[in-house]
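> Just need the structure, nothing else, for what follows:
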Amino acid sequence: MISIVIPTFGRAERLTEVAKNVHDNTLSHHELIFVHEDDDEPTKEVLNQVDVDGNWFTVRNYGPRNYAGAIQSGFNWSLGRYVFCGADDLRFDMGWDGPALKLMVDPIKVVGTNDLGTLR
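Next up is the predicted model:
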């Protein structure tokens, strides 16, 4: 399973689309973890209304108020064998996970993705 960790950073208007995009285009078994700041009420409200099939949930960022803190908070709740550190402004293309997983052969198992390659 892949755990896809998405820090929200106060951009509530993007979250429903991100959730749908991830679930529609990820072919592997996966979970989607949105990480929000405790005082971000608009994001928490939107996350309570997201209606997307699939395994997804939210966690509070209990670390520093930055990307690293949010990723660490999401990682600590992840159940996947693999973790993808994402963002709420990425667009996932159909089957993105297949090529990435095929590269997971080295002992360290770190694979980078080309986020800018999906801009149109």
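> ok, now which ones touch the residue located most distally from the centre of the chain?
With distances taken as Cα atoms, centre = their mean, the residue sitting farthest from the centre of the chain turns out to be Pro107, at 23.8 Å. In this structure, Pro107 makes contact with no residue, judged by Cβ atoms under 8 Å, 6 or more residues apart in numbering. Backbone N, C-alpha and C define where each C-beta goes, glycine included.
> which non-adjacent residue is nearest Ile6?
What sits nearest to Ile6 in space, not counting adjacent residues and going by Cβ to Cβ, 6 or more residues apart in numbering, is Gly86, at 4.8 Å.
> Against Asp24, how distant is that neighbour?
Counting by Cβ to Cβ, to the nearest Å, the separation of Gly86 from Asp24 is 15 Å.
> got the residue ranges for the strands in this structure?
Here the chain has its strands, by DSSP state E, at 2-7, 30-36, 55-60, 82-85.
> can you list the ones you listed in JSON lines and add distance to Glu17, mean neighbour count and mean pLDDT?
Formatted as JSON lines, those follow (distance: least, Cβ to Cβ, whole Å; neighbours: other Cβ atoms under 10 Å; pLDDT from 0 to 100):
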{"stretch": "strand 2-7", "distance to Glu17": "12", "mean neighbour count": "24", "mean pLDDT": "95"}
{"stretch": "strand 30-36", "distance to Glu17": "13", "mean neighbour count": "24", "mean pLDDT": "95"}
{"stretch": "strand 55-60", "distance to Glu17": "13", "mean neighbour count": "16", "mean pLDDT": "89"}
{"stretch": "strand 82-85", "distance to Glu17": "18", "mean neighbour count": "18", "mean pLDDT": "92"}
